[in-house]
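# Just a sequence and a predicted model for now, questions to come.
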Amino acid sequence: MNDTIKVLALDLDGTLTNTKKEITPRTRAALRRAAEAGVRIVLASGRPTVGVQYLARELELDKLGGYILSYNGGCIVDCATGAVVAQEAFPPELVKPVCDEARAAGAVAMSYNAEGVITEHPEDEYVQLECFTCRVPAIPVQDLGSFIDFDVNKILLSKNPDEIARVEEHMQQKFSGRLSIYKSMPYFLEIMPLGVEKAQSLRALLTILGLTEENLMACGDGWNDISMIRLAGVGIAMGNAVPQVKQAATWVTADNNHDGVGLAVEKFIFEEEVELPPEDEFLF
């Protein structure tokens, strides 16, 4: 076993879960072995905390130990105690301007409260997808920017993939230098407090745990995973990852429908021989 790896950070959608939003049996078994061996598992996602908790329970991280890193690093929760280890709220003075500019750009804006996804457009297909993914309902509101008078960690924008680049350019022009703005999926644009990203939060968690980047292994597939892939001593790109993630990675594993995370855990944590499906290739 590789004793250097003490923390395993996993993106969820497109990484830990397959296209059915399920964890494959081989991956589940590998993660349990790792957790029982003392590796701390971190579920690192753009999802809200409530949208990650059911997977943490499924992996028994409340008993085995682990963390939820939600909102792309905007909040870190200890699975064993439920305590918030660290968090950063969205600048309240920018909530309404972001919602207004999103509307002007023709995008759908959404955020989260304790009940679910709050939005002016609950019928939108991407809102429905977010609700399905997080297993929470859509909460319709008249004016999102005015409705949010409480702390939120991010605002999520959606638009068709062929138009999302235009929305991103518009939002960058309006809020560059004040907020972090990046795609997480071909149809989702994340609007975060400035500097909040998975790598920054993982670095803070490693410091709390008395560990370094060399003790971190990270697996991901999307644009918002690049920072943690680069940070980690061992960075794993899924076979279904975007090219930029593969370029940043130490190794490319199988895709999320073919036990990609499980194979990576077996290879790098347990130092076992693994065989990838024929269509997948090693980076090195």
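Looks like it arrived, so ask away. Numbering: from 1, shown residues only.

# can you give me the strands for this protein?
Taking DSSP state E as the test, the strands found in the chain are 7-10, 40-44, 66-70, 75-78, 84-87, 108-112, 117-119, 138-140, 155-158, 179-185, 188-193, 216-220, 234-237, 251-252.

# So which other helices or strands are in contact with the fourth one?
This points to strand 75-78. strand 66-70, strand 84-87, helix 198-209 (3 or more Cβ pairs under 8 Å, 6 or more residues apart in numbering; DSSP states H and E). (Glycine included, C-beta is placed from N, CA and C.)

# redo that, cut-off 10 Å
strand 40-44, helix 50-58, strand 66-70, strand 84-87, helix 198-209 (3 or more Cβ pairs under 10 Å, 6 or more residues apart in numbering; DSSP states H and E).

# Indicate which one of the ones you listed is closest to residue 261.
In this view, these are compared for proximity to residue 261 by Cβ to Cβ, and strand 40-44 is the closest at 10.4 Å.

# Need the CA coordinates for the closest one. PDB is fine.
Included here for strand 40-44 are C-alpha records, laid out as PDB according to Å, rounded to 0.1, in the frame of the first residue of the first chain:
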ATOM      1  CA  ARG A  40      -9.700  10.300   4.300                       C
ATOM      2  CA  ILE A  41     -12.100  10.600   1.500                       C
ATOM      3  CA  VAL A  42     -13.200  14.000   0.400                       C
ATOM      4  CA  LEU A  43     -16.300  14.400  -1.800                       C
ATOM      5  CA  ALA A  44     -15.400  17.500  -3.800                       C
END
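
# Which strands border it, and is each parallel or antiparallel?
Strand pairing for strand 40-44, determined by DSSP bridges: strand 7-10 (parallel), strand 66-70 (parallel).

# Now tabulate those strands in JSON lines and tack on mean neighbour count.
Below are those laid out as JSON lines (neighbours: other Cβ atoms under 10 Å):
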{"stretch": "strand 7-10", "mean neighbour count": "27"}
{"stretch": "strand 66-70", "mean neighbour count": "27"}
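
# okay, those in CSV with mean pLDDT and distance to residue 103 next?
Conversion of these to CSV gives the following (pLDDT from 0 to 100; distance: least, Cβ to Cβ, whole Å):
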stretch, mean pLDDT, distance to residue 103
strand 7-10, 99, 34
strand 66-70, 97, 25
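
# who wins for proximity to residue 20 among the helices and strands packed on strand 75-78?
Checking these against residue 20 by Cβ to Cβ gives helix 50-58 as the closest, at 13.3 Å.

# Run through the residues that contact the spatially closest residue to residue 158 that is not a sequence neighbour.
Across the structure, with Cβ to Cβ, 6 or more residues apart in numbering as the measure, the residue nearest residue 158 apart from its sequence neighbours is residue 126 (3.5 Å). For residue 126, the contacting residues are 107-108, 110, 119, 156-160, 185, 187-188, taking Cβ atoms under 10 Å, 6 or more residues apart in numbering as the criterion.

# and if we set it to 8 Å?
The neighbourhood of residue 126, defined by Cβ atoms under 8 Å, 6 or more residues apart in numbering, consists of 108, 158-159, 187-188.

# Same check on residue 30?
With contacts taken as Cβ under 8 Å, 6+ apart, residue 30 has the following neighbours: 261-263, 265-266, 270.

# 7 Å - rerun?
By Cβ atoms under 7 Å, 6 or more residues apart in numbering, residue 30 lies in contact with 262, 265-266.
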